[in-house]
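Colleague: Here's my sequence, what's the structure:
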Amino acid sequence: MTTPHSTPCPEPFLPPDPQAAAGSRIADFARWAARHQGAEGIPDPIDYHALHRWSVTDLEGFWAAVWEYFDIDATTPYERVLAEETMPGADWFPGATLNYAHHALRNLHPDAPAITALDETGAAYEITGRQLRAQVASVAATLRDLGVGPGDRVVGYLPNTPHAVIAFLATASMGAVWSVCGQDYAPRAAADRFAQLEPTVLITADGYLFNGTRHDRRAASLDLADALPTLKATVLVDHLGLERPATRAARLTVPWEDAASRTEYLGITPVPFDHPLWIVFSSGTTGLPKGIVHGHGGVLLEHLKILGLHCDLGLGDRLLWYTTTHWMMWNLVVSTLLTGATTCTYDGSPAPVARPDALWELAARHKVTVFGTSPQYLLAMAKLGVDPAVHDLSAIRVIGCTGSALPASAYPWVRDHVGAGVQLASTSGGTDVVSGFAGSAPTTPVWAGELSAPNLGVALAAYDDAGRPVTDQVGELVVTRPMPSMPLYFWNDPDGSRYRDAYFTAYPGMWRHGDWITLTSHGSVIVHGRSDATLNRNGVRLGSVDIHDIVERLPEITEALVIGAEEPDGGYWMPLFVVLADGTELDDSLREKIRDAIRTGTSPRHVPDEILAVRAIPHTKTGKKLEVPVKRLLQGAPAEQVLNPSAVDNPDLIAYFAGLGAERRQALRPHTPEGVS
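Modeller: The predicted model follows:
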């Protein structure tokens with residue numbers, strides 16, 4: 001990868017604070033690496049680009065430095081850092097045995113909060129390091145008694161509460177494999193994931209909170225258990241205080257309070273570096289969701305790098321990142337414990353109608369230092385007129401943002417309504433690597449609408465149509481050298497063909513992620529959206545994100561989705577779908593306002609062919625707009641081949657957009673005069 005500086009660097013929106021940068025953990029790591037690891041070419045510890053160049057040109061030196069700096073406690077040592085660099089199939093730290101759970105528990109102060117449990121009502125309670133260790137030991141012993149052993153699967157149907165964290169750590173501590181999804185998934189959708197794994201134990205809750213409603217999931221939990229014939233037992237969490245249901249099958253049901261209240265010694269099982277830790281799932285928009293398997297060691301190192309170096313987390317810090325248990329951000333949030341910092345769980349809506357500023361109030365009350373959210377949340381706060389600064393947010397030093405590209409318009413709002421010195425860290429990555437490709441650090445400037453830099457250890461490139469790396473122009477996101485947290489394999493993919501086809505066919509030996517990005521001359525990264533959803537008008541590629549950014553700033557528009565659809569006659573239709581704010585009508589005046597905003601903010605090429613009001617935009621369960629499936633529906637692909645309804649936040653929209661496509665094709669059909677065949 002090239003990080004050129006041949007053109008003048010524009011003024012950043014927020015330069016790094018020199019004092020904070022020099023005192024950061026990433027700067028300390030750079031100094032340590034220069035002394036102990038022979039890291040040449042880092043003349044200044046706050047020179048992020050020099051550190052990044054070293055991290056991707058000397059993979060073995062860099063990851064050995066991460067290992068030593070964070071004092072990885074291996075039961076048996078590794079033979080070398082990277083025995084095989086081929087992708088797929090990179091062989092990291094062969095010979096090493098360790099356990100993720102040991103590292104998640106070892107740095108916690110016994111009497112300080114390890115987990116702060118929050119919900120949308122404002123209620124909170126804390127679990128200390130000592131209490132967390134005791135509950136993990138108890139649940140692990142319960143799982144052993146229920147027949148769970150190394151390599152067996154334990155699955156959770158749980159909201160984002162401490163129960164999920166405890167159950168995961170207990171599972172990992174014994175070398176078993178964890179997978180979880182939220183209770184907003186229907187039982188059938190959860191079974192589509194979990195049945196593939198043939199789990200031994202299901203851990204579920206009686207329900208969850210969302211937007212002022214207590215959602216009873218007792219019947220759903222029973223339906224899910226019935227759909228998992230390999231279960232030996234179910235552990236039931238009493239989260240809402242609902243009466244325990246009678247089981248329908250002759251299998252054991254254990255109350256959580258019994259599973260987690262035993263006095264037990266925590267015996268942690270050392271496992272190979274690449275032993276499976278958890279299985280996360282693709283969105284499953286077409287067919288069954290793919291199970292993506294990550295290993296203990298790769299996740300441990302990658303998350304220490306992201307959270308310890310990029311987020312500067314350590315003892316005394318608190319992280320609150322809004323997520324659900326089925327989004328990869330939950331996995332990263334749990335890993336806060338690796339740094340010794342406190343992680344906050346949150347059960348509820350990010351902006352409940354009764355208290356739309358609930359998260360900000362909780363962040364202030366609990367002195368959160370890293371606050372994580374999505375672009376949609378920040379834009380919604382601005383449109384709702386919420387002013388977070390009415391709360392004391394002085395502890396917040398970083399606002400993390402991921403899920404989609406953060407538009408430039410959000411940056412001034414965060415500065416003016418959260419804090420002028422707060423670092424807005426826009427990041428991009430994926431469930432695939434359960435980490436990030438590009439983001440921010442205390443030593444990087446912030447440019448509005450851009451990600452500050454590729455992450456350490458990520459050999460990021462943008463490739464043009466000829467497969468050549470390019471700078472200052474749009475290209476395919478490619479990772480040219482392996483990362484430790486790349487998947488071990490896909491579940492039920494014995495020959496690895498599905499895994500290879502997913503990432504390695506376009507550029508053999510290199511990871512193609514499926515995003516359009518620009519690597520800029522000043523070292524930042526601009527994400528333009530999914531490459532398979534990119535607009536291609538008269539041979540000119542346009543990023544959908546650029547249009548969404550402009551349109552969603554308008555007060556009349558709640559959300560927007562632009563699609564470029566090739567038509568059978570060789571034409572190209574580029575409609576813009578908009579969700580209107582309450583009381584707004586899409587008339588000619590508003591249409592012209594939208595066109596003018598797009599024309600002025602981007603270019604005339606970006607102006608859509610048609611602007612249509614729709615009742616909602618479909619998303620995955622993790623909130624990502626379904627651009628490609630909507631495009632295929634508009635082109636007439638059968639709905640059952642395009643989308644799995646269980647993967648969509650509003651399944652009714654599948655038929656709705658399919659109907660819009662049918663109407664479009666009918667209107668374009670040549671008219672046949674009556675009596676002529």
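Colleague: How about the secondary structure of V155?
Modeller: strand (DSSP: H, G, I helix; E, B strand; the rest coil).
Colleague: who does it bridge with?
Modeller: S179, L202 (DSSP bridges).
Colleague: tell me the pLDDT at it?
Modeller: Reading off the confidence values, V155 has pLDDT 98.
Colleague: same check, this time on H294
Modeller: The model's pLDDT for H294 equals 98.
Colleague: do the one 4 residues further on as well
Modeller: Listed pLDDT for G298 reads 98.
Colleague: For it, what is the enclosing helix or strand?
Modeller: helix 296-303 (DSSP states H and E).
Colleague: go on, A667?
Modeller: Judged by DSSP H and E, A667 forms part of helix 652-668.
Colleague: buried residues in that helix?
Modeller: Neighbour-count burial for helix 652-668, counted by 16 or more other Cβ atoms under 10 Å, picks out 653-654, 657-658, 660-661, 664. Every residue, glycine included, has its C-beta placed from N, CA and C.
Colleague: wait, what's in contact with the residue lying closest to S404 once chain neighbours are set aside?
Modeller: Leaving aside its sequence neighbours, S404 sits nearest to P375 (Cβ to Cβ, 6 or more residues apart in numbering; 5.4 Å). Shown in contact with P375 (Cβ atoms under 8 Å, 6 or more residues apart in numbering): 401, 403-407, 410.
Colleague: Next secondary structure element downstream of the worst-scoring helix or strand of the chain on mean pLDDT?
Modeller: Comparing every helix and strand of the chain by mean pLDDT, DSSP states H and E singles out strand 540-542 as the least confident one, with a mean of 63. Using DSSP H and E, the helix or strand that follows strand 540-542 towards the C-terminus is helix 544-551.
Colleague: Counting by contacts, list what that next one packs against.
Modeller: strand 525-530, strand 557-562, strand 575-580, helix 588-601 (3 or more Cβ pairs under 8 Å, 6 or more residues apart in numbering; DSSP states H and E).
Colleague: for that helix, the distance to its chain's centre please.
Modeller: Going by Cα atoms, centre = their mean, to the nearest Å, the spacing between the C-alpha centre of helix 544-551 and its chain's C-alpha centre is 21 Å.
Colleague: tilt between it and strand 525-530?
Modeller: 100 degrees (axes from the mean of the first three to the mean of the last three Cα atoms, to 10 degrees).
Colleague: tilt between helix 544-551 and strand 557-562?
Modeller: Using the same axes, to 10 degrees: helix 544-551 against strand 557-562 is 150 degrees.
Colleague: Would you check how far apart A189 and T471 are?
Modeller: 42 Å (Cβ to Cβ, to the nearest Å).
Colleague: Between the two, which has more neighbouring residues?
Modeller: A189 (22 against 18; other Cβ atoms under 10 Å).
Colleague: May I see the buried residues of the helix or strand harbouring that one?
Modeller: If you go by DSSP H and E, A189 is part of helix 187-194. Across helix 187-194, burial judged by 16+ other Cβ under 10 Å covers 187, 189-194.
Colleague: so can I have CSV of these showing distance to M329?
Modeller: Output for the buried residues of helix 187-194, formatted as CSV (distance: Cβ to Cβ, whole Å):
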residue, distance to M329
P187, 24
A189, 19
A190, 19
A191, 24
D192, 21
R193, 17
F194, 20
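Colleague: Show the pLDDT at the residue nearest to S404.
Modeller: At P375, pLDDT is 86.
Colleague: what does T480 give?
Modeller: pLDDT, T480: 98.
Colleague: Correct me if wrong: it contacts M510.
Modeller: Yes - the criterion here is Cβ atoms under 8 Å, and T480 meets it with M510 at 5.2 Å.
Colleague: In contact with the closest residue in space to G436 that isn't next to it in sequence: list those residues for me.
Modeller: The shortest distance from G436 to any non-neighbouring residue, by Cβ to Cβ, 6+ apart, is to G429 (3.4 Å). Counting by Cβ under 8 Å, 6+ apart, G429 touches 328, 402, 435-439.
Colleague: just checking, what's the longest strand in this protein?
Modeller: In the chain, assigned by DSSP state E, the strand with the most residues is strand 511-519.
Colleague: That strand - contacts with which helices or strands?
Modeller: Partner elements for strand 511-519 (3+ Cβ pairs under 8 Å, 6+ apart): strand 428-430, strand 460-463, strand 475-479, helix 497-503, strand 525-530.
Colleague: wait, which of those is closest to V390?
Modeller: V390 lies closest to strand 428-430 among the helices and strands packed on strand 511-519, at 31.0 Å (Cβ to Cβ).
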